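> make a model of this:
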Amino acid sequence: MSGFGLSFDREWWHSFAVGGIVATVINGGALIVSLGTGWATFVGVMHGSGDLPFVPAMGIVFGYIAFAAAWEEFILRGSMLTNLAEGADGFVSQRMAVGLAVILSTIVFAFLHGGKITHPSQYGYYLIAGLVLSGVYVLTGELALSIGFHVFYNFTQSAIFGLGHSQRTPELLAVDIVGSSRWVGEEGLVFVCFAILGGLLLVVYIRWRDGSLEPDNRVTTYTGR
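A predicted model of the protein is given here:
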């Protein structure tokens, strides 16, 4: 499993937490901007848990969001991107192999989210998200940052800050989205800008932690037992 970015050691869980914190911060920023511009209005707290008590409902939601996001990262980054990079390395330079793997896996990632979009331009949001998630994996050789960011981005956007559209969840902070979908839709420019900011923060963290920004050799080197 470690060959696919899942070492699960202490450092792995630390990076997972960092990814989660960054995702939570940028979604909090998106909420502040949405409220400040009048594109969203605050309507209350702890809404939408249905017949379940609020806390167990949130636990269930976190569980299925975490499983789906982690599985997506394992398949698209840990497996697909890694195998594409390993297969291309040797035929082309290492950097080109990694670049091709990132591009192809990102296109697949965006295509798989096509059911959520209403206009082709909205694919841009998923292409950016795919590049962010692929980039941090390539730079670290681990899925910790990618999974942590992906899990908490999806969870906090909807269940904590009430900004989700494609999924209905309990909401700690419930808001009504009243602005144009161009700005505050799930693929709106507010989320695009904050997704880019999240990617930059993750890159800064990697640079601070590792001292450099280079593709990790584990992405292109097969480590079978």
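
> which residue, other than its chain neighbours, is closest to the residue sitting nearest the centre point of the chain?
A centroid search over the chain (CA atoms, centre = their mean) returns residue 150, at 2.9 Å, as the residue closest to the centre. In this structure, residue 150 finds its nearest non-sequential neighbour in residue 69, 4.1 Å apart by CB to CB, 6 or more residues apart in numbering. C-beta: built from backbone N, CA, C; applies to glycine.

> the one you found sits in which helix or strand?
Element membership for residue 69, per DSSP states H and E: helix 54-73.

> which secondary structure elements does that helix contact?
Contact here means 3 or more CB pairs under 8 Å, 6 or more residues apart in numbering; DSSP states H and E; on that basis helix 54-73 packs against helix 144-155.

> got the angle for the helix it packs on vs helix 54-73?
Calculated by axes from the mean of the first three to the mean of the last three CA atoms, to 10 degrees, helix 144-155 forms an angle of 130 degrees with helix 54-73.

> ok, and what's touching helix 144-155?
By CB atoms under 8 Å, 6 or more residues apart in numbering, the list of residues contacting helix 144-155 from outside reads 5, 11-24, 26-27, 61-62, 65-66, 68-70, 72-73, 77, 132-134, 136-137, 164, 167, 198, 202, 205-206.

> check stretch 37-57 too.
In contact with stretch 37-57 (CB under 8 Å, 6+ apart) are residues 31, 33-35, 58, 60, 162-163, 168-180, 183-184, 190.

> now do the same end-to-end measure for that stretch.
In stretch 37-57, first residue to last residue: 31 Å (CA to CA, to the nearest Å).

> which positions in it come out as buried?
39, 40, 48, 49, 54, 57 (16 or more other CB atoms under 10 Å).

> sorry, back to before: after the helix holding residue 69, next one along is what?
Scanning forward in sequence from helix 54-73 by DSSP H and E, the next helix or strand is helix 82-88.

> check the burial of residue 19 by counting its neighbours.
Neighbourhood size, residue 19 [other CB atoms under 10 Å]: 27.

> let me see the ranges of the helices in the chain.
Secondary structure of the chain by DSSP state H: the helices cover 10-36, 54-73, 82-88, 94-112, 123-140, 144-155, 181-184, 189-210.

> now do the first one against helix 144-155, angle only.
Between the axis of helix 10-36 and that of helix 144-155 there is an angle of 30 degrees, by the same axes, to 10 degrees.

> for helix 10-36, buried residues please.
Those would be 12, 15-16, 18-20, 22-31, 33-34, for helix 10-36 by 16+ other CB under 10 Å.

> looking at the helices of the chain, which has the lowest confidence?
If you rank the helices of the chain by mean pLDDT, helix 181-184 sits at the bottom with a mean of 84.

> so what does that one touch, helix or strand wise?
Applying 3+ CB pairs under 8 Å, 6+ apart, one finds that helix 181-184 contacts helix 189-210.

> buried residues, the helix it packs on. List them.
So helix 189-210, judged by 16+ other CB under 10 Å, has buried residues 190-192, 194-195, 197-199, 201-203, 205-206.

> swap in stretch 111-122?
For stretch 111-122, by 16+ other CB under 10 Å, it's 113, 116, 117, 122.

> so how far is residue 11 from residue 174?
Residue 174 sits 37 Å away from residue 11, going by CB to CB, to the nearest Å.
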